[in-house]
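Structural data only, the sequence is not supplied:
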């Protein structure tokens, strides 16, 4: 989804650049920004979503309005999902067991992907993530 098969050299021309190795750098940038913002406390997240900075980021195409909507509903959705899962587990619902199995399978597949690609992009991705967060998210809304 993110890696460009034509320029598979993640390291670029001796410089640690991730952007040149990606098919769609904006998609990666949006994912990094969304992840950073989704880790904010609920109150600060809501404040960001309603801020002038957020609307400017949408206007400039840095993040989408859909991302802001997802961020705004995330704390409520999390509480609802947690309650639903607790109720399903308590009722010994077979769908709960199926969900548990799917989450286990998801972690196995993700671990296999990390084992396969992790070493080649970890340092570069960490540096790129930090650069993206520092460049696009105002300091007040960052968790430093």
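In hand now; what should we look at? Values in this document were obtained by computation on a predicted structure and should not be read as measured data.

Name all residues that make contact with residue 54.
48, 63, 68 (CB atoms under 8 Å, 6 or more residues apart in numbering). For the C-beta atoms, the positions are set from N, CA and C on the backbone; glycine is no exception.

Which element, helix or strand, includes it?
Taking DSSP states H and E as the definition, one finds residue 54 inside helix 52-59.

Out of the contacts of residue 54, flag the one nearest to residue 119.
residue 63 (29.6 Å; CB to CB).

quick one: that closest one and residue 33, what's the gap?
6 Å (CB to CB, to the nearest Å).

now swap in residue 127 and tell me
16 Å.

What of residue 73?
Residue 73 is 17 Å from residue 33, by CB to CB.

before we move on, what about residue 139?
Counting by CB to CB - residue 139 and residue 33 are separated by 14 Å.

now residue 89
Between residue 89 and residue 33 the distance is 34 Å, computed by CB to CB.

What residue in this structure is the furthest from its centre?
Of all residues in the chain, residue 91 has its C-alpha farthest from the mean position, at 32.2 Å, by CA atoms, centre = their mean.

related to what we said a few turns ago, residue 127 and residue 33: which has the busier surroundings?
Between residue 127 and residue 33, counted using other CB atoms under 10 Å, residue 33 has the larger neighbour count: 20 against 13.

just checking, next helix/strand downstream of the host helix or strand of that one?
Per DSSP H and E, residue 33 falls inside helix 25-38. Next helix or strand after helix 25-38 toward the C-terminus (DSSP H and E): helix 42-49.

Averaged pLDDT, that next one. What do you get?
With pLDDT averaged residue by residue, helix 42-49 scores 87.

List of residues touching it?
With CB under 8 Å, 6+ apart, helix 42-49 has contacts from 37-38, 40, 54, 68, 71-72, 74-75, 141.

what packs against the helix holding residue 33?
Applying 3 or more CB pairs under 8 Å, 6 or more residues apart in numbering; DSSP states H and E, we find helix 25-38 packed against helix 42-49, helix 65-90, helix 94-136.

That's all I had, so thanks and see you.
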